[in-house]
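Engineer: generate coordinates for the sequence data below:
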Amino acid sequence: MMEVESETQELHIHVNGEPARKFSTEQRSHNYSWRLRVSLYVTLLLAGETIATLLGRLYYDKGGNSTWLETLVQLVGFPLTLPCYYYIKPEPSKSKIITKNTTSFFSTLSLVYIGLGLLAAGHSVLYSFGLLYLPVSTFSLISASQLAFNAVFAYFLNSQKFTPFILNSLVLLTISSTLLVIQDEPESSTSKSLAKSNYVIGYICAIGSSAGYSLLLSLTDYAFEKILKKYTFKAILDMVTYQSLVATSAVVVGLIASGGWKMLRTEMEEFRLGKSYYLLITIGATISWQACSIGSVGLILEVSSLFSNVISTLCLPVVPVLAVVFFHDEMSAIKLIAMFLAIWGFVSYAYQHYVDDPKPEEDQQEIPQPEEEDEEPQEDNGIILA
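Structural biologist: Below you'll find the predicted structure:
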């Protein structure tokens, strides 16, 4: 049983039927490794999302038109993380978590991965269509609405309460997104030739993508909290790998069924920057999206789905500015107002997260000590610690 004591935090021993999910605030503040992990995940999420979004717009601008390929690159990078399994130490046999019905547990877990994978595939398809039909600056601003959706989903799934700051954020983000759809005309060089109907389709897809992404984050948080009940780096890899495997399979089926794969060779040959840049953009986007996925799931595990979504929205002021520089998107007065409102909504949401963070004195909890060595293994909620 001494091994159990050394693995107390890893196993998250149950207290009154609820797992001790994360370190206390005081423990966190003095835990260098926790801060380092969070910083790494934040960097992966911000850099990955920003670079991937810009590369996706570049792909469309220079002759790419396959939404299925753009969807696939968001999901297909999961094999890049497989070597990480080699560096994960196996759990000691005496500290394994065993359920009463192992078959039932793994069946439930499989359904979780399949459900989240299909949701990720749907979100990625909507994302690709939104990015195709909208200027990247407009698309990025509309994507800020994911915070509003996250507040709603987190209320029902993750016990997130509505507060004045969150309600203020919801109103501001809703107004910000609404302003962008009432523009007289799409304003970038990319969208001038698009019909108004395509612009509206792009707007709807961007909103749907934001809703899907927020639901995916909240459900992932719920799965970690209620089903997996394990908060390790291996749990992150498992979630990213199996979820991406299911999503990739679904998108490949769509690519083959639509016949879009037949046009990829022609598209590569006619790409205005050449074949080499076509491959570099595709590979770069794949790597960037995989980094974004690891960062997003890592922040859900270490903090919460709310925090992961807030960090994702930090790209808000960055992407539109870079879009003006690299893609010559026009920054109209309406876009500036929408950006201001969206940033205001983000700050309000982030401040509520800061207020909700418990103070060290209020978050002190004793870690329960294991029973003496000669005691029989204890059973709690169908889980046995031996």
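
Engineer: helices or strands next to the lengthiest helix in the chain in the packing?
Structural biologist: When the chain is parsed with DSSP state H, its longest helix is helix 102-133. Under the contact criterion of 3 or more Cβ pairs under 8 Å, 6 or more residues apart in numbering; DSSP states H and E, helix 102-133 touches helix 32-61, helix 67-73, helix 136-143, helix 196-223, helix 233-258. Placement of C-beta: from N, CA and C, glycine included.

Engineer: let's see it at 7 Å
Structural biologist: For helix 102-133, the contact count by 3 or more Cβ pairs under 7 Å, 6 or more residues apart in numbering; DSSP states H and E identifies helix 32-61, helix 67-73, helix 196-223, helix 233-258 as packing neighbours.

Engineer: can you list the weak-confidence ranges in the stretch 251-386 of the chain?
Structural biologist: 316, 353, 356-386 (pLDDT under 70).

Engineer: now the helices and strands packed on helix 102-133 as CSV including distance to residue 310 and mean neighbour count?
Structural biologist: Shown next, in CSV, are these (distance: least, Cβ to Cβ, whole Å; neighbours: other Cβ atoms under 10 Å):
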stretch, distance to residue 310, mean neighbour count
helix 32-61, 10, 19
helix 67-73, 25, 24
helix 196-223, 11, 21
helix 233-258, 19, 19
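
Engineer: is it fair to say residue 272 lies in a strand?
Structural biologist: No. Residue 272 sits outside any strand when classified using DSSP: H, G, I helix; E, B strand; the rest coil, being coil.

Engineer: show me what contacts it?
Structural biologist: Shown in contact with residue 272 (Cβ atoms under 7 Å, 6 or more residues apart in numbering): 62-63.

Engineer: please report how far residue 82 lies from residue 139.
Structural biologist: Noted for residue 82: a distance of 31 Å to residue 139, by Cβ to Cβ, to the nearest Å.

Engineer: which one of those two has more residues nearby?
Structural biologist: Taking neighbours as other Cβ atoms under 10 Å, residue 82 and residue 139 compare with residue 139 leading, 27 against 10.

Engineer: hang on, the more buried one packs against residue 131?
Structural biologist: Yes. Here residue 139 lies in contact with residue 131, judged by Cβ atoms under 7 Å, at a distance of 5.5 Å.

Engineer: excluding its backbone neighbours, what's nearest residue 120?
Structural biologist: The spatial neighbour of residue 120 that comes closest, neighbours along the chain excluded (Cβ to Cβ, 6 or more residues apart in numbering), is residue 247 at 4.2 Å.

Engineer: now the residue nearest the centre of the chain: how far from residue 309?
Structural biologist: When Cα atoms, centre = their mean is applied to the chain, the residue found nearest the centroid is residue 296 (4.1 Å). Per Cβ to Cβ, residue 296 is found 9 Å from residue 309.

Engineer: same question for residue 143.
Structural biologist: To residue 309, residue 143 is 11 Å away according to Cβ to Cβ.

Engineer: no further queries at this time; thank you.
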